[in-house]
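> With the input below, show me the fold.
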Amino acid sequence: MKIAVTASGTDLDAPMSPRFGRCSYYVFVDTETMAFEAVANASESAGHGAGVGAAQFVIDRGAEAVITGNVGPNAMGVLQAANIPIYLCNGGSVRSAVQALKEGKLEAVSRPTTGAHSGMGGGGRGRF
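Predicted structure coming up:
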């Protein structure tokens, strides 16, 4: 399965980012082989619409699931419409998050964990 993990760096040992729409990178990981590709998030500094743009980006890149620390209502709506499950992980590396998913330790969410625009100032009220 190809998953997108929000990250602060460009490899499997990079720290996870707690923000979906405004993370620095998405690390796309094949859970079978652990092959990965890191891609900069073009929406990170967007004036508005970061969550929607980021969600569409990971869908277009073929992600079948997302691992992040928090997700807002706009991104959640786009990902749910595409039937992309969202799993919460409260830190660690990209590698440890993927491992936790493979071991069934991550919680899938069906509701936003932050309010709209919470990633703009880093003051979201989500779980991280």
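
> State the distance from residue 70 to residue 17.
Computed as Cβ to Cβ, to the nearest Å, the residue 70 to residue 17 distance reads 9 Å. Every C-beta, even on glycine, is put in place using the N, C-alpha and C of the backbone.

> which residue sits farthest out from the middle of the protein?
residue 33 (19.7 Å; Cα atoms, centre = their mean).

> And the strands in the protein?
Residue ranges of the strands in the chain, as given by DSSP state E, are 2-7, 25-30, 36-40, 65-68, 86-88, 107-109.

> Low-confidence ranges, the protein, go.
For the chain, the stretches with pLDDT under 70 are 46-47, 115-128.

> now the helices: where do they sit in it?
Remark: helices assigned in the chain by DSSP state H are 50-60, 73-81, 94-102.

> Need the winner for burial among these.
With neighbours taken as mean count of other Cβ atoms under 10 Å, these reach their highest mean count in helix 50-60, at a mean of 22.

> Who are the packing partners of that helix?
The contact analysis (3 or more Cβ pairs under 8 Å, 6 or more residues apart in numbering; DSSP states H and E) places helix 50-60 against strand 25-30, helix 73-81.

> So what touches it?
4, 20-23, 26, 28, 41-44, 46, 66, 71-76, 78-79, 82, 84, 116, 119-120 (Cβ atoms under 8 Å, 6 or more residues apart in numbering).

> Please state the offset of it from the chain centre?
10 Å (Cα atoms, centre = their mean, to the nearest Å).

> same question, stretch 80-89
9 Å.

> mind saving the C-alpha coords of it as PDB?
Below are the C-alpha coordinates for stretch 80-89, written out as PDB (Å, rounded to 0.1, in the frame of the first residue of the first chain):
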ATOM      1  CA  GLN A  80     -12.900  11.300   2.700                       C
ATOM      2  CA  ALA A  81     -14.500  12.000  -0.700                       C
ATOM      3  CA  ALA A  82     -11.700  10.000  -2.300                       C
ATOM      4  CA  ASN A  83     -12.000   7.200   0.300                       C
ATOM      5  CA  ILE A  84      -8.500   7.900   1.600                       C
ATOM      6  CA  PRO A  85      -8.200   6.800   5.300                       C
ATOM      7  CA  ILE A  86      -6.400   9.100   7.700                       C
ATOM      8  CA  TYR A  87      -4.400   7.700  10.600                       C
ATOM      9  CA  LEU A  88      -3.200   9.800  13.500                       C
ATOM     10  CA  CYS A  89       0.300   9.400  14.900                       C
END
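
> Right, I'll leave it there.
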